[in-house]
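> Return atomic coordinates for the entry below.
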Amino acid sequence: MTTAQAEGLTVFRRGKVRDTFELDDSTLLMVATDRLSAFDVVLPTPIPDKGRVLTQMSRWWFDKTQHIVPNHLLPDDQNAVPAANRDDWLQRSMRVRRAERIDIECVVRGYISGSGWKEYRNEGTLASEPLPAGLLESGRLDHPRFTPAAKNDTGHDENISRANLSDVVGKDLAEQLERVSLELFAYASAHCEQRGVILADTKFEFGHIDGKLTLIDEIFTPDSSRFWEISAWHEGQAVTSMDKQFVRDFLETLSWDKTPPGPELPPDVVEGTRKRYLEAARRICDLELS
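Take a look at the predicted model:
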């Protein structure tokens, strides 16, 4: 599925990956498609089974982490899913409470990689805060770092410092977002390590429901997280990931300027990405989705 079409339902929002519909004034139906975005561009080639992986892993993690923070997931209602789409949509959709979204990506990094490594290499900082000299790519940080970003639904999110975050949302909410994000990261990191997987970094989205901070969107999926095999991890080099880094690495070999339209993906990259997503679901959450 690349676009969710539902007769009789009103589209609430079409994002890079998910299509969301209004069920009533307080309830939404989020449908994870097989679209893939990289460098904030939706690529023309879908990844089969991807939407099912994102949904089922998020459901699993929402259940496991509700003791840390409430989330927006509601019990399924088969009548909420159009009959024509029911078999497929029940695997890739979530009925959720509508939240007042906080327009911040709450990123936590336990290792220095990706854009964090680029910033450190160029500036010696991470989220504008200094780090010790001599760190290596993929190195483990002395403690997980909270590195927020201002959300941009149509382009690149903007990395901001924790001080900037306080200015944007207020000191109390900034501290709450950091504390809860770090607690979630610590819980998931411990679980992943038991499965032979490193959770290198991840991002969360939050909103308010009835005035209470609530986890929304997705959690600990290959779209929102960087998963590494513990046995493959070495400081000083990039590490093979069970996520969409495989696609990013391929795109970096092209003469593409990272603006729309994105390039088509060859079959081997599509299948390699699909296998990585399915492997993450199996290894981390015991989900057999193939």
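> low-confidence ranges in this protein?
Along the chain, the model assigns pLDDT under 70 to residues 1, 152-156.
> which residues of it fall in helices?
In order along the chain, the chain carries the following helices (DSSP state H): 50-65, 86-92, 114-123, 162-169, 171-194, 245-251, 267-285.
> Would you mind listing the buried residues in stretch 14-33?
Residues 15-21, 23, 27-33 are the ones in stretch 14-33 that count as buried (16 or more other Cβ atoms under 10 Å). For every residue, glycine as well, the C-beta is placed using N, CA and C.
> among these, which are in strands?
18-21, 23, 27-32 (DSSP state E).
> Find the residue closest to residue 96 in space, skipping its chain neighbours.
Excluding its sequence neighbours, the residue lying closest to residue 96 (Cβ to Cβ, 6 or more residues apart in numbering) is residue 72, at 4.2 Å.
> before we move on, what about residue 29?
Computed as Cβ to Cβ, 6+ apart, the closest residue to residue 29 that is not its neighbour in sequence is residue 21, at 4.6 Å.
> So residue 179 versus residue 206, what's the distance?
Distance check for residue 179 against residue 206: by Cβ to Cβ, to the nearest Å, it reads 12 Å.
> circling back to that earlier point, CSV please, covering the ones in strands among the buried residues of stretch 14-33 and showing distance to residue 97.
Converted to CSV, these look like this (distance: Cβ to Cβ, whole Å):
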residue, distance to residue 97
18, 16
19, 18
20, 12
21, 14
23, 10
27, 6
28, 8
29, 11
30, 11
31, 16
32, 17
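> out of the residues you listed, who's nearest residue 150?
Checking these against residue 150 by Cβ to Cβ gives residue 18 as the nearest, at 20.0 Å.
> right, and the closest one touches residue 28 too?
No. Under the criterion of Cβ atoms under 8 Å, residue 18 makes no contact with residue 28, lying 10.1 Å away.
> So which residue is smack in the middle of the chain?
residue 224 (1.7 Å; Cα atoms, centre = their mean).
> Spit out the contact partners of it.
With contact set as Cβ atoms under 8 Å, 6 or more residues apart in numbering, residue 224 has these partners: 202-204, 218.
> Which ones among these map onto strands?
In strands, defined here by DSSP E, the members of those are 202-204.
> right, and out of those residues, which lies closest to residue 127?
Distance from residue 127 was checked for each of those by Cβ to Cβ. The minimum falls on residue 203, at 12.6 Å.
> Please verify my assumption that the closest one contacts residue 105.
Yes. In this structure, residue 203 is within contact of residue 105 by Cβ under 8 Å, at 5.0 Å.
> shared neighbours of these two, which are they?
In the contact map built from Cβ under 8 Å, 6+ apart, the residues linked to both residue 203 and residue 105 are residue 149.
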